[in-house]
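J.: Structure for this input, please:
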Amino acid sequence: MQETCLFTPGPLSLSSDVKDAMRVDLGSRDETFKQVTQRVRDRLLHISGTDKSHSAVLMQGSGTFALEAALATFLGATDKALVCINGLYGERIARILEKSGKNFETLLCSAALPIDVAAVERIICRDKQFTHLCFVHCETTTGLINPVKSLLEIGRRNGLVTVVDAMSSFGGLRLDDDIDILVSSGNKCIEAPAGVAFAIVSNRLLASGKSSARSFCFDMMDQWQHFEQHREWRTTPPTHIVQAFDKALERLIEEGIPARNARYSRVQEKLLRGMRALGFKTIIPQEHQSPICLAFCSIELVPDEAAFAAYYGALAQQGIYIYAKFHEPTTTFRIGCIGQIQDFWIDKLLAVTAAHFRISPSILAA
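T.: Coordinates of the predicted model:
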């Protein structure tokens, strides 16, 4: 079987011990599994530095499941959210709120630039009905980092509940510990398999016991109360995934966020150097670029979706997988830098890229 070289910003390549953790069969209501669940929750708080101020609420499903659960639970009928958008995942927050009938406004910013902090402040000062501020920390559309500290400060100063989509950053980038609701999933920088997501929620919000959810499955308050009272999930959890998640958190704590960030940065630097040598550009200013993924463009080599599909197919034929979507508004495609990426995988990706576009491989050695 051909080795898979995965360059997607989640799901991603996993270490062998994380995969091995899924080989054990545990009963979902058994004491042993309850201990695994509690350990996962404790480790998430330890990593985020919020042991005393927040609680971790686990949810079955992708990160979007936990995001929808958090928005459904903690935004009430009289609340109003400002959603800051500079990519697909900011747009997703707005779509979730629209589908659920929540009251919100959007601030649209360039996909190539961070959220405009001054514009956020002006909108909030103009309309005193805002109760929540929602934004993405690392916008995976391009790998852009938004100014989380400045945005959180605006939220605090104006008494807003802050909701941060930290899907692509938690575990790989250091975050402010004063976020009211942080949402992420295991299959990004934690380097666990897909299937479990979570929110780290302020105890102040949880203490009210109030939930605005109109869905059983998306009631995060009910899920949290069940964890607190019974130490178990309300409905059948993905037991094998949770065990792998636990092992991945153990490895993250051992490695540390700074070292993990440095590992991803080394991958990013090698990819960036090689792809630029082949004629590709990035659209994000370096000071706002995360080490999570890179968005590349070339009007000459990959002008449209058809050209990207041909390029993607050439890579996949050699067991190399980048993110399988072309972003038409920015004419970019994404290559992930996270997970257990090996140096020779990058060499292989660059060589296949050069061959596909009929570029002399000697350029890469220059």
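J.: Which residue is the nearest non-sequential neighbour of I320?
T.: In space, and not counting its chain neighbours, I320 is closest to C5: 4.6 Å by Cβ to Cβ, 6 or more residues apart in numbering. To be clear about C-beta, it is placed using only N, CA and C from the backbone, and glycine gets the same treatment.
J.: shouldn't the one you found be in contact with W345?
T.: Yes. With contacts counted by Cβ atoms under 8 Å, C5 reaches W345, the gap being 4.1 Å.
J.: Find the residues that touch each one of the two.
T.: Residues within reach of C5 and of W345 at once, by Cβ atoms under 8 Å, 6 or more residues apart in numbering, are I320.
J.: any weak-confidence spans in the stretch 251-366 of the chain?
T.: Along the stretch 251-366 of the chain, segments meeting pLDDT under 70 span 366.
J.: please redo it, this time with the cut-off set to 80
T.: 361-362, 364-366 (pLDDT under 80).
J.: can you give me the strands for it?
T.: For the stretch 251-366 of the chain, strands defined by DSSP state E, counting those that start in this stretch occupy the ranges 281-282, 293-297, 320-322, 326-327, 332-336.
J.: Touching the third one from outside, list them.
T.: To tie it back to what came earlier, the one meant is strand 320-322. Against strand 320-322 from outside (Cβ under 8 Å, 6+ apart): 4-8, 312, 315, 333-336, 345, 348-349, 352.
J.: Number of residues surrounding W224?
T.: Using other Cβ atoms under 10 Å, W224 is surrounded by 22 other residues.
J.: wait, R122
T.: Based on other Cβ under 10 Å, the number of other residues close to R122 is 12.
J.: quick one: which helix or strand includes it?
T.: helix 117-126 (DSSP states H and E).
J.: What is the helix or strand that that helix is followed by packed up against?
T.: Elements were assigned by DSSP H and E; along the chain past helix 117-126, the next helix or strand is strand 132-136. Counting by 3 or more Cβ pairs under 8 Å, 6 or more residues apart in numbering; DSSP states H and E, the packing neighbours recorded for strand 132-136 are strand 81-85, helix 88-99, helix 148-157, strand 161-165.
J.: which helices and strands sit right next to the lengthiest helix in the chain?
T.: Counting by DSSP state H, the longest helix found in the chain is helix 257-277. Here helix 257-277 touches strand 293-297, helix 343-356, helix 362-365, going by 3+ Cβ pairs under 8 Å, 6+ apart.
J.: Alright, that wraps it up for me.
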